[in-house]
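In: Mind looking at a prediction? Sequence and model below.
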Amino acid sequence: MSSDDALVWTNWARTATARPRRRAAPRDEADLAAHVARAAADGLRVRAVGAGHSFTPAAVTDGLLLDLDRLSLVERIAREGDAIHVTVGAGIRLHRLNEALAAAGLAMRNLGDIDRQSVAGAISTGTHGTGARLGGLATQVRGVRVVGADGTVREATPTQDPDLFEASRLGLGATGVLSAVTLEVVPAFLLRAQEEPWPLDRVLDGLSAPDDDPAGLVGGNDHVEFYWFPHTRRALTKRNNRLAPDDEASELERLRTGPGAVARARTWLDEELLSNRAFELVNRVAKAVPRATPHLNAVSARALAPRTYVAPSYQVFVTSRRVRFREMEYAVPRDRLVDVLTAVDDWLERSGEHVPFPVEVRFAAPDDVWLSTAHGRPTAYVAVHQYARLSHERYFDAVERIVAEVDGRPHWGKLHGLDAERFRALYPRFDDFLAVRDAVDPGGVFSNPYTDTVLGPPPGREIGR
């Protein structure tokens, strides 16, 4: 392997590759600042990489590629009034953060379903979980430290340098390299998880209730999501609800010794065998025999047995994903979700396209984060996937046309075909974000072709540099 080959970086999905001139893994914030300042002085652009779980080329650079894994300390846990804040190095992976918080009797109030990402990468691309009364990870951020092109470290909070704070807590790394993040956390809590296959019509009927209706599927649960299997009328539903503290001890004992213990024991079978090993085989068969896909999906939709169990929140939120895939996810107005799903179903039936991966649907409350996909509106997320060995372009293009009719906003870290002109129409605070980005990085040290496309190039960047 040549020295140039050693510099090559590829993301998890194998959809993006970088061939930077330099790579570095700073040992601390001061070392990070020195690397950034040196690269900028040498005319190199700078991007940081975490787990590489973004499907887009957001981390790609031809200049300096920074690995922040060594910036992974839990720096401080403090109570500020009724709130609990934890400050961590920006490179800490979510699974390590969850473990550290659990050891301190704390937890994130909401998480996505993958915990391999770094904190910086997760918030910068808009990672979210599900819950109609809850926002994504960026809504839990209470402060950031940002390294600028000259190596200066700026601290930003809602009251100190608030515009930089707003642009940096979800900003694709375009305002600088995050070195630390302060999160608002909560006392650790348990979730009761209920996972059941449902007829799709039952799911759609449950979605018709308003989000504030406690009897509805969305309003009646703290966290709800479902997976619809294309070419079928079946879905796997997941409903996760917090236990009251007084109920936690007795519930854990009951599930440990009673019928619930059997459901808990099936975790390995359901998640490791059926959801990963057998699912890989299903997708390989679908690739070899496309016409078998509807039958395979029907089998998959009925293969997972219902189960109920109780566990710490972060263990319930997170699932293991080892089958490699491509993904596109759009945030759509909550009240247009059924229209979107119906249109996707109609297109699949008309087109003859075969899709062995389920469509994932989640929910979020409206928020005020400038570039959040849930900015200003109750939101449903529709994520479409395709097995990595199958072509995804025709399917994704069709779904993108469907969600465009309802002003869908794509996840910043997943595949899409939008540009800055379209984003300006979708985000009321888009130009406010650009004003901050252009002020702190006019020369585009922290830009790359992806950010140039989705945000537009900074005013002082030389085209082609």
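Out: Noted; the coordinates are in hand. The structure displayed is predicted, hence computed values, not measured ones. Numbering: from 1, shown residues only.
In: Show me where the chain dips below the pLDDT cut-off.
Out: The chain contains residues with pLDDT under 70 at 1-4, 251-275, 461-465.
In: how about residue 147, phi and psi?
Out: phi -90, psi 120 (degrees, to the nearest 10).
In: All further residue positions should be reported with the first residue as 56.
Out: Taking 56 as the first residue, the last one we looked at is residue 202.
In: Can you tell me how far it is from residue 234?
Out: Plainly put, residue 202 is 5 Å away from residue 234 if you go by C-beta to C-beta, to the nearest Å. (Each C-beta comes from the backbone N, C-alpha and C, glycine too.)
In: so what's in contact with the two at the same time?
Out: Common contact partners of residue 202 and residue 234 (C-beta atoms under 8 Å, 6 or more residues apart in numbering): 84, 87-88, 208.
In: Buried only: go through those for me.
Out: With burial judged by 16 or more other C-beta atoms under 10 Å, the buried subset of the shared contacts of residue 202 and residue 234 is 84, 87-88, 208.
In: Which one of these is nearest to residue 458?
Out: residue 87 (37.8 Å; C-beta to C-beta).
In: what's the helix or strand for the closest one?
Out: Assigned by DSSP states H and E, residue 87 falls within helix 84-96.
In: next helix or strand past that helix?
Out: Past helix 84-96, the next helix or strand by DSSP H and E is strand 101-104.
In: That next one packs against which elements?
Out: helix 84-96, strand 119-122, helix 174-179, strand 232-242 (3 or more C-beta pairs under 8 Å, 6 or more residues apart in numbering; DSSP states H and E).
In: Let's see that with 6 Å instead.
Out: The contact analysis (3 or more C-beta pairs under 6 Å, 6 or more residues apart in numbering; DSSP states H and E) places strand 101-104 against strand 119-122.
In: So what touches the strand it packs on?
Out: The list of residues contacting strand 119-122 from outside it, by C-beta atoms under 6 Å, 6 or more residues apart in numbering, reads 64, 73, 75, 77-80, 94, 99, 101-104.
In: Quick one: those residues as CSV, columns for distance to residue 272 and neighbour count too.
Out: Converted to CSV, the contacts of strand 119-122 look like this (distance: C-beta to C-beta, whole Å; neighbours: other C-beta atoms under 10 Å):
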residue, distance to residue 272, neighbour count
64, 41, 18
73, 42, 21
75, 46, 23
77, 50, 16
78, 47, 16
79, 48, 19
80, 45, 15
94, 50, 24
99, 50, 19
101, 45, 28
102, 40, 27
103, 39, 29
104, 38, 25
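In: What is the nearest of these to residue 343?
Out: Using C-beta to C-beta, these come closest to residue 343 at residue 64, 31.8 Å.
In: Which residues are in contact with that closest one?
Out: Applying C-beta under 6 Å, 6+ apart, we find residue 64 in contact with 73, 120.
In: neighbours of residue 96, just the number please.
Out: 12 (other C-beta atoms under 10 Å).
In: err, residue 297, not the other one
Out: For residue 297, the neighbour count with other C-beta under 10 Å is 15.
In: Kindly report the same for residue 97.
Out: Count around residue 97 with other C-beta under 10 Å applied: 11.
In: That one and residue 168, how far apart?
Out: Residue 97 is 40 Å from residue 168, by C-beta to C-beta.
In: Same check on residue 450?
Out: From residue 450 to residue 168 the distance is 21 Å (C-beta to C-beta).
In: Which of these two has more residues huddled nearby?
Out: Of the pair residue 450 and residue 168, residue 450 is the one with more neighbours under other C-beta under 10 Å, namely 24 against 17.
In: Tell me where the stretch 406-520 of the chain has strands.
Out: Along the stretch 406-520 of the chain, the segments classed as strands by DSSP state E, counting those that start in this stretch run 414-419, 434-442, 464-465.
In: hang on, the earlier thing: I'd like the contacts of strand 119-122 written out as JSON lines, with distance to residue 504 added.
Out: JSON lines is the format used below for the contacts of strand 119-122 (distance: C-beta to C-beta, whole Å):
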{"residue": "64", "distance to residue 504": "15"}
{"residue": "73", "distance to residue 504": "11"}
{"residue": "75", "distance to residue 504": "13"}
{"residue": "77", "distance to residue 504": "18"}
{"residue": "78", "distance to residue 504": "19"}
{"residue": "79", "distance to residue 504": "21"}
{"residue": "80", "distance to residue 504": "24"}
{"residue": "94", "distance to residue 504": "17"}
{"residue": "99", "distance to residue 504": "15"}
{"residue": "101", "distance to residue 504": "14"}
{"residue": "102", "distance to residue 504": "11"}
{"residue": "103", "distance to residue 504": "16"}
{"residue": "104", "distance to residue 504": "15"}
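In: Tell me the one among these nearest to residue 132.
Out: Checking the contacts of strand 119-122 one by one against residue 132 (C-beta to C-beta), the nearest turns out to be residue 103, at 24.6 Å.
In: who's the residue lying closest to the closest one once chain neighbours are set aside bridged to?
Out: Nearest residue to residue 103 in three dimensions, chain neighbours excluded: residue 121, at 4.3 Å (C-beta to C-beta, 6 or more residues apart in numbering). Residue 121 has these beta-bridge partners by DSSP bridges: residue 79, residue 103.
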